[in-house]
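J.: Need coordinates for the following:
(chains A, B and C)
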Amino acid sequence: MFAYAVRRLLSAIPTLLVIITIAFFMMRLAPGGPFDREKQLPPEIEANILRAYNLDKPIHEQYLDYLKNIVRGDFGPSYKYLDFTVTDLIMTGFPVSLRLGLYAILIAVVFGVTAGTIAALKQNSTFDYMVMTFAMTGIVIPNFVMAPLLALVFGVYLSLLPVAGWGDGAFKYQILPVITLALPQIAYISRLTRGSMVEVMNSNFIRTARAKGLAEKIVVVRHALRGGLLPVVSYLGPATAAVITGSVVIESIFDVPGIGRYFVNGALNRDYPVVMGVVIFYAVLIIMLNLVVDLIYGFLDPRVKVE
Amino acid sequence: MKNLLRCVGKRWGTAAVFAVLMTVVATAAYAGGTLRVATMGEPASLDPHKVSGTWENAIVGDMYIGLTTENPKAEPVPGVAESWTISEDGKTYTFKLRECVWSDGTPMTAHDFVYSMQRILLPETAAEYASLLYIIQGAEALNSGKAEADTLAVKAIDDRTLEIKLTGPAPYFLALLTHYTAYPVPKHVIDKVGKEWTKPENMVVNGPYKLVEWIPNTHVKLTKNDKYWDAGSVALDNLTFYTQEDRAAVQKRFRAGEIDVATDFASDQIDWLRKNMPEETRIAPYMGVYYYPINSSVEPFTDARVRNALSMAVNREAIVDKVLKTGELAAYSFVPPGVAFYENPAEVEWKDVPFADRQKKAKELLAEAGFGPDNPLSFTLRYNTSENHKRVAVAVVSMWKAIGVKAELFNSEVKVHYADLKQGDFQVARAGWIADYNDAQNFLYLLESRTGANNYGRYANPEFDQLMLDAEVTSDLAKRSEMMRKAESLAMADQPVIPIYHYVSKNLVAKNVVGFEDNPQDIHRWRYVSLK
Amino acid sequence: MATAKPFKSDGLAPLHGAEPVKGRSLWQDARRRLFRNKAAVGSMILLAIIVIMAILAPLLSPWAFDDPDWGYDFPGPPNIETKHWFGTDGNGRDLFVRTLYGARISLLVGVIATSVSLLIGVTYGATAGFIGGRTDNIMMRIVDILYSLPFMFFVILLMVIFGRNIFLIFVALGAVEWLTMARIVRGQALSVKKKEFIEAAQAVGVSNAKIITRHIIPNVLGPVIVYMTLTIPQVILTESFLSFLGLGVQEPLTSWGVLISEGAKQMESSPWMLIFPAAFLAVTLFCFNFIGDGLRDALDPKDR
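T.: As a prediction, the model looks like this:
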């Protein structure tokens, strides 16, 4: 397994290079530059600025300089947050996004699997329909509607939770963002679990287990879940991608200092180094995640051998 | 063993009690409180030479004080400079500086100002707003790299005396010095730590507040600077700035009591705010103009009749009353009312013509220019992404439809919008201008042909240019004002831009905040504010 | 069920040139199961109503979708007398008409983007599955990696670079959703490839192209249709996310995403601006999901 992991990581390097190159040139293709603004800069000042940021060099030189720098760990300065480097921003933003994302996925998996399993066991009962309708609602209401709604109800009307902000990272600031991030995923996961559990519960080996006289709970937890969870595990990859995407909305509505906003604002502000930094960061993260998911998959399903 | 524990326990207990007592005493001493402000934008930097927006001004403006500073009404009053003399021709200013120190105890001298003004103009600093100081002799040359720093006409006669020579008599110069481009920065710190000087552990200020913490996208925290020469009159102990840009969310935070001052709110909320939070909603005239520059260098906009027709057909009252509703002023002149030394801005001559008649006249003008139902005028109206810009644009397009003009809407993000405007890649576009300093010249120079990129429509009227040039070297305020008014009336007859409305400032101020005075520049220094 | 017909050579005539019988009755079976699913049928009817309303939009209201009503509030609550059944938006434009025009765009984006993803996915998956071997491995590995990339970021970059063109939105969103399609098609292609009748057809000398169109595609069609029906709501939601970021369709066009983004900002002061478009969006998404589930159950019944 170790050799497999190492091999996977090594093969990730060319992928990374491709992603970096694509993102680099795509950003430069975008019309408008980082220093275009309402009060136009006089040409001397613009020249000064471009020179200070090496933006006056030909683009292939900029590209090579960039590659040289990131190998040394220097991801460059931000063009918008002038007092910070990209590394500063990612290092302060990532732990926040990580916390929220992890909690969201955890909650989504726990609630989603539980709801979906019970719904599958009580197929076509009221509970089943309730769970499925709730699941649909979670999918059908966009998060940029859910977020202000929750902020309004819990923050303003009921004054139970802060409307927005991060403060010192205290727990109360995390509740609404995490819930809003988790809701659509709870919905998807419960639907997924229900579907796959229904299939598993009707399969032969479960019938065998029951025929053996095992208690229902053991049948479900020990035998059915293992196979029934496979689609959920496969979904974890796209689920993380969805949470990362969703974080963009959550972060701007709840004023949370995470990384998601850096990408969108960076793209809109033509803050090239920040955009590149976030892209690289996510790419590495996802490659790692894929590896972990594959290993878990191999662990759960003995039919799949990780070689 | 037990005895040891008891002994330690007693010690710890006493220490704890002592600590609690000290905290109580300490908090009692700092009774000024913390003000929480939403500035609606993340600062690009806290280095006064690197900032360029109103949201940064709200933070940096209480950390540094320039030669002059603002009073609660945003009028220029003595800052570091106690007094000054101005030469006959209005071009030489001599400042006498007061005795004061930086927040680390180092004494401030005139040399600090020489250093700072040189620094912001040095090309390496890449300061975006350096052009504001071009009125100083030698500034433009230095900034373009064509001259050395010592050619700048800012000289320290001695430690307490500073002399500045200008290129022309600028009556607005004292007001200009309140702007952050003219703030002093600590040479002794920058020389030591370079770029890191804005980090809280290094940063040194000369104003009422100093930096405690800046976590990007979370908050900026300032605390009182005891070494400020007027620290006794500063009430608030701490300032916390939140930088969230989502105005709906900021408004909710304000309602929930998480924020004391919000420096903007969404116009579409005005009805709700007037009904539910009338005292907290503060609206006041704001020195800025919202306008549509027309690209005068492309057909058919080279024809003044077309431009005038388009301008006449806009029902400005409908826009400010129905679409915006926040009390903006319909603009029939370019310069807003209330600008210093400039009464009665020049307005278009058809201002009082009833709207229906204006529409008719507009159609006639278009017909004269060759447009009509079988040859409708069609073009693209560009605006940058924002709820308000969209609503105004949609309304204006429907007004133009009423006179048979087909205007298509095109919305792009800020960077693209202004990049294209800079290249002249537009027909009619949306733009806005907030005054940098309280003088009509700051508005009218946008229509001078030598201005470059900020004259988006590339309006080039030699008569206008000459009048502005003459005004620049006239020290007689009345004559100067007259010349600029004449220039403005020329522009209003030509309509190279369509003025739509003059801005209002929109703030939400909690009821227990005292000392926040509405003023046309919407500058509110927190040193004058206290909590009830 | 004995068909005790004596063997006659003429009796075989009708069988010449006919498709494999198995295929046809599968579709009939599926159709019967689908129509027995009440949720799916109800959804199809509801969806049809929404589509018809969207098409007939200009006839259903006296207001044009881009003309402000200067005589009424900006925005104004629903009002029967002024025929603003859903109220007006911040520019005084009738919300009922705009919701229906928004339906046009949202549904169009959904269908066309899904079709784009179909095109890309089917081509990719069929090729991978059919060629098999190492090429297949590499192609699927690429899909695996792409699966977990937050594609949104590239869509955002595309919108930023090329501006907000509705055709670009179709293509960009379609390019985001093709992965699962490719996987499904490739799986089907693999399993069908192994079936004997394919070997037989190849032995007889039928060209690969004909094999793909005549045999593989009809078998693949089932899961593909199901997936398409379930992708359309995804795409519509993604488009609304882009609108929230300010990267959606240009004025004066509108979509549910645009309407809902605006409405969400004023949900307290002008709730009608949010409620009506959101309701339409929710109902449409529900419908597509129920239909998709129904199709899936009809074509591949699992619960007994």
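J.: Next up, identify which helix or strand the closest residue to B:Ser475 other than its chain neighbours is on.
T.: Distances taken as C-beta to C-beta, 6 or more residues apart in numbering or on different chains put B:Pro169 closest to B:Ser475, at 3.8 Å, once the chain neighbours are dropped. Every C-beta, even on glycine, is put in place using the N, C-alpha and C of the backbone. Using DSSP states H and E, B:Pro169 sits in no helix or strand.
J.: And B:Pro169, its phi and psi?
T.: When read as degrees, to the nearest 10, the backbone of B:Pro169 gives phi -70, psi 110.
J.: and it, how many residues sit next to it?
T.: 21 (other C-beta atoms under 10 Å in any protein chain shown).
J.: measure it to chain C for me?
T.: B:Pro169 sits at a distance of 46 Å from chain C (criterion: C-beta to the nearest C-beta, to the nearest Å).
J.: Can you check the pLDDT for that residue?
T.: Listed pLDDT for B:Pro169 reads 89.
J.: Okay, now the unreliable bits of chain A?
T.: Within chain A, the stretches with pLDDT under 70 are A:1, A:300-307.
J.: Tell me where it has helices.
T.: A:2-29, A:43-52, A:59-71, A:86-121, A:126-140, A:143-150, A:172-201, A:204-211, A:216-218, A:225-228, A:230-254, A:260-269, A:272-300 (DSSP state H).
J.: Kindly report the same for the stretch 201-304 of chain C.
T.: For the stretch 201-304 of chain C, the helices defined by DSSP state H, counting those that start in this stretch cover C:208-211, C:217-244, C:256-265, C:272-299.
J.: and the stretch 151-300 of chain A, which residues reach chain B?
T.: A:151-152, A:155-156, A:159, A:162-166, A:251-257, A:261, A:268-270 (C-beta under 8 Å from any C-beta of the partner chain).
J.: check these against chain C, which are close?
T.: Applying C-beta under 8 Å from any C-beta to those, those adjacent to chain C are A:152, A:268.
J.: and the lengthiest helix in chain C, what does it pack onto?
T.: Longest helix in chain C, counting residues (DSSP H): helix C:95-131. Helices and strands touching helix C:95-131, as assessed by 3 or more C-beta pairs under 8 Å, 6 or more residues apart in numbering or on different chains; DSSP states H and E, comprise helix C:38-55, helix C:57-60, helix C:133-147, helix C:166-194, helix C:217-244, helix C:256-265, helix C:272-299.
J.: chain center to that helix, what's the gap?
T.: The chain centroid and the centroid of helix C:95-131 are separated by 5 Å under C-alpha atoms, centre = their mean, to the nearest Å.
J.: Flag every buried residue along it.
T.: C:95-107, C:109-110, C:112-114, C:116-118, C:120-122, C:124-130 (16 or more other C-beta atoms under 10 Å in any protein chain shown).
J.: Kindly calculate the angle that that helix makes with helix C:38-55.
T.: Counting by axes from the mean of the first three to the mean of the last three C-alpha atoms, to 10 degrees, helix C:95-131 lies at 120 degrees to helix C:38-55.
J.: What angle do helix C:217-244 and helix C:95-131 make with each other?
T.: 140 degrees.
J.: Tell me which of the helices of the stretch 201-304 of chain C sits most buried.
T.: Compared across the helices of the stretch 201-304 of chain C, helix C:256-265 shows the largest average neighbour count, a mean of 26 (mean count of other C-beta atoms under 10 Å in any protein chain shown).
J.: Could you export that helix as CSV, CA atoms only?
T.: Only the C-alpha atoms of helix C:256-265 are listed here, as CSV (Å, rounded to 0.1, in the frame of the first residue of the first chain):
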residue,chain,number,x,y,z
TRP,C,256,-34.2,32.3,-12.0
GLY,C,257,-30.7,32.5,-10.6
VAL,C,258,-30.6,36.2,-11.2
LEU,C,259,-34.1,36.8,-9.8
ILE,C,260,-33.4,34.8,-6.7
SER,C,261,-30.0,36.5,-6.0
GLU,C,262,-31.7,39.8,-6.1
GLY,C,263,-34.6,38.6,-4.1
ALA,C,264,-32.4,37.1,-1.4
LYS,C,265,-30.8,40.5,-0.7
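J.: What is it packed up against?
T.: helix A:143-150, helix B:247-255, helix C:95-131, helix C:217-244, helix C:272-299.
J.: can we see that at 6 Å?
T.: helix A:143-150, helix C:95-131, helix C:217-244, helix C:272-299 (3 or more C-beta pairs under 6 Å, 6 or more residues apart in numbering or on different chains; DSSP states H and E).
J.: residues making contact with it?
T.: A:144-145, A:148, B:248, C:102, C:106, C:239-240, C:243-244, C:248, C:273-274, C:277-278, C:281 (C-beta atoms under 6 Å, 6 or more residues apart in numbering or on different chains).
J.: what's the neighbour count on A:Pro43?
T.: Neighbour tally, A:Pro43, other C-beta under 10 Å: 11.
J.: what do you get for B:Gly232?
T.: B:Gly232 has 8 nearby residues by other C-beta under 10 Å.
J.: does it sit in a helix, a strand or a coil?
T.: B:Gly232 falls in the helix class when you classify it by DSSP: H, G, I helix; E, B strand; the rest coil.
J.: Tell me the pLDDT of it.
T.: 91.
J.: go on, B:Ala19?
T.: For B:Ala19, the pLDDT comes out at 49.
J.: what's the burial count for the spatially closest residue to B:Ser45 that is not a sequence neighbour?
T.: Using C-beta to C-beta, 6+ apart and skipping residues adjacent in sequence, the residue nearest B:Ser45 is A:Leu82, 4.0 Å away. For A:Leu82, the neighbour count with other C-beta under 10 Å is 18.
J.: All set, thanks.
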